[in-house]
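**Student:** build the 3D model from these lines:
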Amino acid sequence: MDHATPSTGTTPSSATRPRRLPRALLAGTSALLLVGSLATLTGCGGGGDTTPPGVIRVYGSEPQHPLIPTNTNETGGGDILRYLFTGLIQYDNDGKMEMAHAKSITANSNSTQFTITLKPGWTFSNGEPVTAQSYVDAWNYGACGKNLQLNQSFFSTIEGYKDVIPANNTNCHMRGLTVTSPLSFTVTLNQPEAGFPLRLGHTPYMPLPRVAYQDMKAFGEHPIGNGPYKLIDGTAWLHNDRVMTEVNPTFKGDPKTRNKGIWWIFYTNPDTAYADLLGGMLDTVGSTVGPTALPNFQTDFPHSNSNKPTASSTAFVIPEWLPHFKGEEGRLRRAAISMSINRPLITEKIFFGTRTPAKEFTSPTLGDVDLDVPGNSVLTYNPTKARQLWKQANTISRWSGTFHIGYNADGGHQQWVDAVCNNLHQTLGIAAHGKAYPTFKQLRDEITQRTIKIAFRSGWSGDYPSVYNFLEPLYVTGASSNDGDYSSPAFDMLISQAAASSSVTESKKFYRKAQAILMRDLPAIPLWYPNASTAWNPELRNVHIMWNGYPNYTLIEKPTPAKEN
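**Tutor:** So this is what the prediction gives:
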C-alpha cells in the first residue's frame, strides 16, 4: 500500500488556546519549526484541544476514496480501515501472524483448499453478527469486475476469479468460495499456495455488513466495521480536516484498546504537523517526521522517539506510455536515470542517515528477501555508464523535452525530488524538474485515472510481511497497485511459482529471478528503504512501533488530565 508519508488535506481550523512549549523541547527545535508552532499555538490551525480526554491525535491524510476495504490502496484510508475492521488473522508488533476472528485455518494436503472456521459471538458495531457469509459476500464484491474495486486483483488466486472480472458479468460469485455453515467457509485456489493465510489480515479481505450493499458509496462515508474502533455517531469524517473514532464496545478481539479513541488529523505540511507535536496538540506523526525535523527529532523528543528500519521502500515510476520510455529505448533510459542518482549522498545529506540506499525492490527487513539480485548494479551511482546508456538510447530516438517527477507537496518530498532532478541534470545534461501536486489525493487521482503524463513518486509499506506483497501488487500484470501498467509474462510466472513454493527457501529462488527481470526493465526506480523515524507525545505510555513502521495505536495509553478542584 502506498504509504510514503502522504500527509494530505488541510490543517483543522478549530481555534485553540495558546500552550507553552516545554523548555526541553525548545532547545533542539529549528527556527522554521518554531515559527510554525507559534502560529499554530495562537489559533491558526492544528489538532487543537477539542479532542475528548484519552483520545489519541494522529497525523493522517485525506483518503482518496470512500472508506471501502476493497477500494482503498493508499495510506490515508488504509491506516483508518485497519482500526475499523479486524479480519481473519492479524500481525503482532514484529509481524508474526496471529489468529484474529478465525478460530482455525486448515489446508488440504496440497494447499489448494483452506477451511476457515470463525470464533462465535463477533458482531459489527451496529450489532449485526459477523458470519462466514459476511466474508464471502465482501470478497465476491471486491472481485466483481462491474464494481471497479482497486483491490480486485487480491482475489486473483481464488478459483473462479477469471469468470467474475468482466465488467459486464451478471454472476459475481467465485466458485472457489463456499459457505459451509454460519461460522465456516472454504476457499479453493487455482494453484497450491501454502502462504495464502498470511495475506488475510490485509484490508481487502475484511468482512462487510449487509447494510453496505444498500449504498456502498454512502457506506464508505461512514463505514460500520468489526474492529477495535468505530466512527463516532453523526458526522465523523470532516473532509480535508479529520476522521474521528471512539472505542467499539462490541469488539470481541484482542488486544483490547487502552485509550478512548483515535482522531486522524489532516495536514498540508509535515512541518506544521511536527510543530503541533512540539506544542502538545498532536500525539504522534505516524511512521516518520518530515525532512526538516530529521536533524532534531531525537533531541526534541529524547525519551519518545524511534529510528529503526521498517518494511517499506521508496521509488518513482516512469510509465511506458511516456514518450521515449517504450521498449529498448525505455530500458536504456531508465537504467541511465537510475545510475545517475547518488543514493548514498542523498540519504546522508537530506535524510541524515535515516534512509538506506536500495539494493532491490522490496525491503531487507522481510524474512524471504534475497538482496543479491542479478543486475542490481543498475542501482549503483555510475555517471559514466549512465551517460553511455543515454547516448545509446539517443541512437534509437533523440531525447527532447523535460523530465518531470510528480510528487505531493504535503508529504515532505520536495527536497529529495529536487536532489534527484539535479543529479539527472548534472549527469545526463537534460532539464529535469519536480512537479508538485498540492495533496496526495490529487496525485493519486491522476495516477489511478491514468491521466498523469510524467514520472511520479511511489512508496510502499508492507500490508503483510512477505516479499510477495512488495512484488505482486505493484508489478504483476493488471495488479491492484501496478500504477505504471507494467507487464512481463515471465515475471508473472515467477511470482506465481514463488507463491506456490513449499518453503521460504524455495520461494526466494523464484523471487530472485523475478527481481532480476525488474532490474532489466525498471518499471520503477528503487531509491531507498526508510527508517521509522518518528516521535510522539512524551506523556503517552506503551508506544510500540510495529514491523511496518507505524505505532500500534490500540496499545497506546494516554493519561487523562486531572480535574481541577
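
**Student:** which residues touch S304?
**Tutor:** Going by Cβ atoms under 8 Å, 6 or more residues apart in numbering, S304 touches A535, W536, N537, P538, L540, V543. Backbone N, C-alpha and C define where each C-beta goes, glycine included.

**Student:** quick one: pLDDT of the fourth one?
**Tutor:** To tie it back to what came earlier, the one meant is P538. pLDDT for P538: 97.

**Student:** give me the low-pLDDT residue ranges for the chain?
**Tutor:** Per-residue confidence for the chain (pLDDT under 70) gives these ranges: 1-49, 562-565.

**Student:** longest single strand anywhere in it?
**Tutor:** strand 524-535 (DSSP state E).

**Student:** now the helices for the stretch 201-350 of the chain?
**Tutor:** Ranges of helices in the stretch 201-350 of the chain, per DSSP state H, counting those that start in this stretch, are 216-221, 270-278, 297-300, 327-339, 343-349.

**Student:** quick one, the second one and strand 524-535 angle?
**Tutor:** Put plainly, it is helix 270-278. Going by axes from the mean of the first three to the mean of the last three Cα atoms, to 10 degrees, helix 270-278 is angled at 20 degrees with respect to strand 524-535.

**Student:** now for helix 270-278, which elements pack on it?
**Tutor:** helix 31-41, strand 55-60 (3 or more Cβ pairs under 8 Å, 6 or more residues apart in numbering; DSSP states H and E).

**Student:** next one: the last one
**Tutor:** Using 3+ Cβ pairs under 8 Å, 6+ apart as the contact criterion, the elements in contact with helix 343-349 are strand 355-357, helix 414-428, strand 524-535.

**Student:** so which bits of that helix are buried?
**Tutor:** Residues R343, I346, T347 are the ones in helix 343-349 that count as buried (16 or more other Cβ atoms under 10 Å).

**Student:** quick check: R512 vs A212, distance?
**Tutor:** R512 sits 41 Å away from A212, taking Cβ to Cβ, to the nearest Å as the criterion.

**Student:** surely N110 meets P192?
**Tutor:** Yes. Using Cβ atoms under 8 Å as the test, N110 is close enough to P192 to be in contact (5.0 Å).

**Student:** who has more neighbours out of the two?
**Tutor:** Neighbour count, other Cβ atoms under 10 Å: between N110 and P192, P192 has more, with 17 against 13.

**Student:** what sits against the spatially closest residue to that one that is not a sequence neighbour?
**Tutor:** In space, and not counting its chain neighbours, P192 is closest to S111: 4.5 Å by Cβ to Cβ, 6 or more residues apart in numbering. Taking Cβ under 8 Å, 6+ apart as the criterion, S111 is in contact with L189, P192, E193, A194, F196.

**Student:** please repeat the previous calculation with a cut-off of 10 Å.
**Tutor:** Applying Cβ atoms under 10 Å, 6 or more residues apart in numbering to S111 gives the contacts L189, Q191, P192, E193, A194, G195, F196, P197, A500, S502.

**Student:** wait, what's in contact with L527?
**Tutor:** Applying Cβ under 10 Å, 6+ apart, the residues near L527 are 313-316, 338, 341, 343, 346-347, 355, 357-358, 379, 416, 420, 457-459.

**Student:** from Q149, how far off is the residue lying closest to it once chain neighbours are set aside?
**Tutor:** What sits nearest to L527 in space, not counting adjacent residues and going by Cβ to Cβ, 6+ apart, is T314, at 4.7 Å. Noted for T314: a distance of 26 Å to Q149, by Cβ to Cβ.

**Student:** one more: P561?
**Tutor:** Distance, P561 to Q149, by Cβ to Cβ: 44 Å.

**Student:** what of F301?
**Tutor:** Taking Cβ to Cβ, one finds F301 at 40 Å from Q149.

**Student:** please apply the same query to H239.
**Tutor:** From H239 across to Q149, the span is 21 Å (Cβ to Cβ).

**Student:** these two: who's more crowded?
**Tutor:** Each of H239 and Q149 has its neighbours counted (other Cβ under 10 Å); Q149 has more, 24 against 14.

**Student:** any idea which element that one lies in?
**Tutor:** Using DSSP states H and E, Q149 falls within no helix or strand.

**Student:** and for V373?
**Tutor:** If you go by DSSP H and E, V373 is not part of any helix or strand.

**Student:** that one - how many residues pack around it?
**Tutor:** V373 has 23 neighbours, counted by other Cβ under 10 Å.

**Student:** just the buried residues of helix 343-349 now: which is nearest H433?
**Tutor:** H433 lies nearest to I346 out of the buried residues of helix 343-349, by Cβ to Cβ, at 16.6 Å.

**Student:** residues contacting the closest one?
**Tutor:** Neighbouring residues of I346 by Cβ under 10 Å, 6+ apart: R355, P357, Y381, Q415, W416, A419, V420, N422, N423, L527, W528.

**Student:** now do 6 Å
**Tutor:** The neighbours of I346, taking Cβ atoms under 6 Å, 6 or more residues apart in numbering as the test, are W416, A419.

**Student:** which single helix of the chain contains the most residues?
**Tutor:** Identified as the longest helix of the chain according to DSSP state H is helix 504-521.

**Student:** what helices or strands is that one leaning on?
**Tutor:** Packed against helix 504-521 by the contact rule (3 or more Cβ pairs under 6 Å, 6 or more residues apart in numbering; DSSP states H and E) you find helix 489-499.

**Student:** and the helix it packs on, which residues are buried?
**Tutor:** By neighbour count on 16+ other Cβ under 10 Å, the buried set for helix 489-499 is F491, D492, L494, I495, S496, Q497, A498, A499.

**Student:** ok, stretch 119-133 next?
**Tutor:** Neighbour-count burial for stretch 119-133 flags K119, W122, T123, F124, S125, P129, V130, T131, A132 (criterion: 16+ other Cβ under 10 Å).

**Student:** may I ask which two of those residues are separated the most?
**Tutor:** Across those, the longest distance by Cβ to Cβ is 19.3 Å; it joins S125 and A132.

**Student:** residues near the residue lying closest to L282 once chain neighbours are set aside, how many?
**Tutor:** Excluding the flanking residues, the one nearest L282 by Cβ to Cβ, 6+ apart is D276, at 4.1 Å. For D276, the count of nearby residues is 28 (other Cβ under 10 Å).

**Student:** likewise the one 4 residues further on?
**Tutor:** The number of residues packed around G280, counting by other Cβ under 10 Å, is 21.

**Student:** one step back: adjacent strands (with direction) for the longest strand of the chain?
**Tutor:** strand 305-309 (antiparallel), strand 312-317 (antiparallel), strand 355-357 (antiparallel) (DSSP bridges).

**Student:** in TSV, list these along with mean neighbour count and distance to S487.
**Tutor:** Formatted as TSV, those follow (neighbours: other Cβ atoms under 10 Å; distance: least, Cβ to Cβ, whole Å):
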stretch	mean neighbour count	distance to S487
strand 305-309	17	31
strand 312-317	24	14
strand 355-357	20	28
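
**Student:** let's have the ones you listed in CSV, adding distance to M99.
**Tutor:** Output for the strands paired with strand 524-535, formatted as CSV (distance: least, Cβ to Cβ, whole Å):
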stretch, distance to M99
strand 305-309, 27
strand 312-317, 26
strand 355-357, 33
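
**Student:** ok, which of those comes nearest G76?
**Tutor:** When those are compared by Cβ to Cβ, strand 312-317 sits nearest G76, at 15.8 Å.

**Student:** roughly how far does the residue nearest to L527 sit from I341?
**Tutor:** For T314, the distance to I341 equals 12 Å [Cβ to Cβ].

**Student:** please apply the same query to H303.
**Tutor:** Using Cβ to Cβ, one gets 36 Å for the distance from H303 to I341.

**Student:** and these two? which has more neighbours close in?
**Tutor:** A side-by-side neighbour count of H303 and I341, using other Cβ under 10 Å, places I341 first with 28 against 6.
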